[in-house]
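>>> Curious how this folds, go ahead:
(one chain, ligands or ions: 1)
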Amino acid sequence: MTATDIVWHEHKVTKVQRSTLKQQQPCILWFTGLSGAGKSTIAGAVEQKLFELGHHTYLLDGDNVRHGLNGDLGFSDADRVENIRRIGEMAKLFTDAGLIVLSAFISPFRADRRMVRELVEKNEFIEVYMDTPLAECEQRDPKGLYQKARNGIIKNFTGIDSEYEVPSAAEIEIKTAEFNVEECAEQIIQYLKDNNLIFSS
Ligand code: ADP
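Numbers count the residues shown, from 1 in each chain. Take a look at the predicted model:
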């Protein structure tokens with residue numbers, strides 16, 4: 001028995017049925033941006049708003065996933081790719097469950113983000129670029145990580161000594177240095193409404 005012998009099982013209850021029950025179009029809001037750009041903060045605020053509107057969501061957060069499912073992975077190039085691949089597969093399953101998935105990972109490389117985009121159906125992957133200048137992130141430094149990276153205590157830190165590849169065509173761009181948390185979250189909710197991803201009967 002090898003992996004190629006395994007066939008996807010088509011179950012009776014479909015993704016469309018599950019999501020119709022929830023009055024939403026399943027999708028992945030893939031937040032990307034520098035550390036401190038506001039991914040977790042805005043993803044959390046959007047999830048809260050969606051909850052209040054009666055929608056079913058799941059938030060995948062970088063640090064939390066690394067504690068569990070991806071606890072065996074480090075920060076080498078190969079492990080970073082595998083980290084994103086597993087998260088992508090997990091997000092795909094949650095999408096199949098009919099959920100609106102929010103993911104908050106730096107995901108600095110275009111190729112990795114494209115890999116996840118290609119895992120799911122067209123229009124299901126919504127790239128949300130947290131367009132926050134490095135200087136602003138470094139000033140916020142909510143976890144003290146930039147300080148450590150500048151002092152050489154942390155190596156391969158995105159934005160300092162590891163590259164961040166800016167998305168060339170993100171579906172949503174959020175300028176967190178210009179708008180407050182509430183306004184940023186509302187811009188994303190508005191996108192979901194404008195594109196008929198959330199609706200009410
Ligand atoms: P990331 O998940 O991208 O590493 P976090 O959400 O953990 O970033 O941290 C962002 C920090 O910036 C938080 O301390 C948050 O309170 C602060 N912040 C200030 N203004 C904003 C804004 N408009 N949007 C998001 N975060 C903001």
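>>> Next, please give the residue ranges for the helices of this protein.
Assigned by DSSP state H, the chain shows helices spanning 15-21, 39-52, 62-67, 77-96, 110-119, 134-140, 145-150, 181-194.
>>> which one of the ones you listed is the most hemmed in?
Mean neighbour count, computed with mean count of other Cβ atoms under 10 Å, is highest for helix 39-52 among the helices of the chain, reaching a mean of 19. Just so you know, the C-beta spots here come from the backbone N, C-alpha and C atoms, and that holds for glycine as well.
>>> just the CA coordinates of that helix, formatted as CSV?
Output of helix 39-52 as CSV, limited to C-alpha atoms (Å, rounded to 0.1, in the frame of the first residue of the first chain):
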residue,chain,number,x,y,z
LYS,A,39,-2.0,40.2,11.4
SER,A,40,-3.1,38.6,14.7
THR,A,41,-4.8,41.7,16.0
ILE,A,42,-6.8,42.4,12.8
ALA,A,43,-7.6,38.7,12.2
GLY,A,44,-8.9,38.5,15.8
ALA,A,45,-11.0,41.6,15.3
VAL,A,46,-12.4,40.3,12.0
GLU,A,47,-13.2,37.0,13.6
GLN,A,48,-15.0,38.8,16.4
LYS,A,49,-17.1,40.8,13.9
LEU,A,50,-17.9,37.7,11.9
PHE,A,51,-19.0,35.9,15.1
GLU,A,52,-21.3,38.8,16.0
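>>> residue in the chain nearest to the ligand?
Closest residue of the chain to the ligand, Cβ to the nearest ligand atom: residue 38 (2.7 Å).
>>> surely that residue meets residue 174?
Yes: if you go by Cβ atoms under 8 Å, residue 38 and residue 174 touch, sitting 7.5 Å apart.
>>> between the two, what contacts are shared?
130, 184 (Cβ atoms under 8 Å, 6 or more residues apart in numbering).
>>> distance of residue 170 from residue 146?
23 Å (Cβ to Cβ, to the nearest Å).
>>> again, but for residue 25
For residue 25, the distance to residue 146 - Cβ to Cβ - is 37 Å.
>>> Check residue 127 too.
24 Å.
>>> Any stretches of this structure with poor pLDDT?
Counting by pLDDT under 70, the chain has low-confidence residues at 200-201.
>>> so what's the residue of the chain closest to the ligand closest to, chain neighbours aside?
residue 176 (4.2 Å; Cβ to Cβ, 6 or more residues apart in numbering).
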